[in-house]
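J.: here is my input; please provide its structure:
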Amino acid sequence: MPNVSSSGPPMAASPLTRAVLEIDEYAAGLGWDQPARLFALVDTVRLRSQEPGLASQLGLDSGEAAAPLTPVEQDEIPAGTPLDEFLGTIAWPDAVAGCALTVERLMLPPSAEADVPVGLDDTALTKWVAEHPDRQEVRMTVAVLRDGTRESALRLRAKDSPNEVLTGAGLVPGLAEALTATFEA
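T.: Numbering: from 1, shown residues only. So this is what the prediction gives:
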């Protein structure tokens, strides 16, 4: 069953999965080779009542049924800043119910793990992966809520279709943990 209805919005069982698929669809519309993007996830009903101007800018004042969570894209992640260092600087206000990040990476199949040369530094390892014949370009969208709930979507560049997006809570555990840490004071 496809993740996108014929009219466009993502179909999903949970609000967090729907938000992840909405962000994945947005990122797909921008194309590949994009920088990482960070999103605050806010309660749509609360947003409409407390920030009607912002809700209007986001098209949430039309009276139509809206998704329970609204992704709000944040400022660009500073170029050249390692993602883990950047995430360590984030503190979210109480109005933010969760957050999400979309990022592109190269991945190798598990079978390539045995071939990784020993003793490579980060730069050499990155080069080795980039030149590996079995590498896959992937866009990962990971979201977490304050209560620890998490969801992820993976889209391979080779299978760039809404029908080929893989979702699951445990697909990118390290990134989910890093995002969860942004809510710890």
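J.: measure the closest residue to residue 67 other than its chain neighbours to residue 121 for me?
T.: Nearest residue to residue 67, sequence neighbours excluded (CB to CB, 6 or more residues apart in numbering): residue 18, at 5.3 Å. Yep, even glycine has a C-beta here, placed from its N, CA and C like the rest. Distance, residue 18 to residue 121, using CB to CB, to the nearest Å: 41 Å.
J.: repeat that for residue 22.
T.: Distance from residue 22 to residue 121, by CB to CB: 38 Å.
J.: these two: who's more crowded?
T.: Per other CB atoms under 10 Å, whichever of residue 22 and residue 121 has more neighbours is residue 22, with 24 against 7.
J.: and the more buried one, helix, strand or coil?
T.: Classification of residue 22 by DSSP: H, G, I helix; E, B strand; the rest coil places it in helix.
J.: repeat that for the one 3 residues further on.
T.: Assigned state for residue 25: helix (three-state reduction, three-state DSSP).
J.: so it makes contact with residue 162?
T.: Yes - assessed by CB atoms under 8 Å, residue 25 is found in contact with residue 162 at 6.7 Å.
J.: quick one: which of those two has more around it?
T.: Higher neighbour count among residue 25 and residue 162: residue 25, with 19 against 16, using other CB under 10 Å.
J.: quick one: low-confidence residue ranges for the chain.
T.: Scanning the chain for pLDDT under 70 picks out 1-12, 61-65, 185.
J.: how about the helices of it, start to end?
T.: 15-30, 44-50, 52-57, 83-87, 122-131, 173-181 (DSSP state H).
J.: can you give me the offset of the shortest one from its chain's centre?
T.: Looking back up the chat, that one is helix 83-87. Computed by CA atoms, centre = their mean, to the nearest Å, the chain-centroid distance of helix 83-87 equals 15 Å.
J.: fine by me, we can end here.
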